[in-house]
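> Generate a structure from the sequence data that follows.
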Amino acid sequence: MGLAIIEAKDLTYTYPTGDRPAFKDVNLKIDDGEFIIITGPSGCGKTTLCRCFNGLIPHFYGGRLEGEIRVCGLDVKENPIHMIARHVGMVFQNPENQLFALSVEKDVAFGLENLGVPREEIRRRVDWALKITGVYDLRHRAPHELSGGQQQRVAIASVLAMNPEVIVLDEPTSFIDPLGAEQIFQVINSLNRDLGITIILVEHRLDLISKYADRMIVMNEGRIILNGDPREVLTSEEARLIGVGIPKATLLYKALKAKGINLNGPPLSSDEAYKLIAEAMSK
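The predicted structure follows:
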């Protein structure tokens, strides 16, 4: 970490049909290799901000983008989507919107074929991405035959095969049960931890994902209102007041603290809470 891979200064965006900005005066720096969670109430500007990271805004959606934003050294306003897509991969909320080929491996190979990557290199990258995401055995299956969790893994593999420096995921577990969501989050965490890929994740399921993040950003009414260590953010009064889904383990910590029982730091998961409570009881 250290070098900024994404940097926004005084960034404001208004959709073509909007009468007010979707987000306003955003100043943000994301370092290479960070795992960032962006959360906040529905309609607060999370998804819109993420569309700036891969150039969909302003090049696809139009509208008015004011301020500065650079991604992987590229000025988003000055570079077309296909240039930014070489550096930033986007995984959308509904994987069916990204999958259209007759087989899983053809879907994962699609982007590489469009870039004119040599055939042997395509095969190597596709097999690697399918194995990393745990869907190699499904490579000959049709995407529409898969479960929601399997489809989301394939969508991640199709982005991963492009070898991006940044992967942006917009609520990738919205249509998946908690067990499937945990499996997807483990895959995302391994991409960050083992491969050093910068992860930007828009998510509400903070019970499952907070433990993996380096930093949490909370948006409300088009502005960033909290930006820091997940433990500090999730124990703040501001997060509670705007309705952020505080993990149950963190809520338990706060309830115990209010009764004079102090644990050694706020936990972000049930496993952390168990360990901290066991330590407190053994003293």
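> Domain boundaries for the chain, per the record?
Domain segmentation of the chain under automatic domain parsing yields 1-87+164-230, 98-163.
> for the last one, the distance to its chain's centre please.
Yep, that's domain 98-163 we're talking about. Computed by C-alpha atoms, centre = their mean, to the nearest Å, the chain-centroid distance of domain 98-163 equals 19 Å.
> right, and the helix or strand after the longest helix anywhere in the chain?
In the chain, taking DSSP state H as the definition, the longest helix is helix 178-195. Remark: after helix 178-195, the chain's next helix or strand is strand 198-202, criterion DSSP states H and E.
> and that following strand, what other elements does it pack with?
Here strand 198-202 touches strand 4-14, strand 23-31, strand 35-39, helix 46-53, strand 166-170, helix 178-195, going by 3 or more C-beta pairs under 8 Å, 6 or more residues apart in numbering; DSSP states H and E. In short, each C-beta sits where N, CA and C put it, glycine included.
> Which residue comes closest to A181 once chain neighbours are left out?
The shortest distance from A181 to any non-neighbouring residue, by C-beta to C-beta, 6 or more residues apart in numbering, is to T173 (3.7 Å).
> measure that neighbour to T48 for me?
Applying C-beta to C-beta, to the nearest Å, the value for T173 to T48 is 20 Å.
> Same check on E145?
33 Å.
> Please identify which of these two sits among more neighbours.
Legend: neighbour count by other C-beta atoms under 10 Å for E145 and T48, higher for T48 (22 against 10).
> thought P80 was touching L56?
No - using C-beta atoms under 8 Å, P80 is not in contact with L56, being 11.2 Å away.
> These two: who's more crowded?
Taking other C-beta under 10 Å, P80 and L56 do not tie; L56 has more neighbours (17 against 11).
> residues near the nearest residue to the more buried one once chain neighbours are set aside, how many?
Once flanking residues are discounted, L56 sits nearest to I81: 6.7 Å by C-beta to C-beta, 6+ apart. Neighbour count of I81, defined by other C-beta under 10 Å: 13.
> which intervals of the stretch 101-250 of the chain have sub-threshold pLDDT?
The stretch 101-250 of the chain contains no residues with pLDDT under 70.
> hey, where'd the helices end up in it?
Per DSSP state H, counting those that start in this stretch, the stretch 101-250 of the chain carries helices over the ranges 104-114, 119-132, 148-160, 178-195, 206-209, 230-234, 237-241, 248-258.
> Quick check, central residue of this protein?
L201 (1.5 Å; C-alpha atoms, centre = their mean).
> list the contacts for it?
F35, I36, I37, I38, V168, L169, P172, I188, I209, A213 (C-beta atoms under 8 Å, 6 or more residues apart in numbering).
> repeat for A273
A273 is in contact with A249, L252, Y253, L263, P267, counting by C-beta under 8 Å, 6+ apart.
> Excluding chain neighbours, what is closest to the first one?
What it means is A249. A273 is the one closest to A249 (C-beta to C-beta, 6+ apart), at 3.9 Å.
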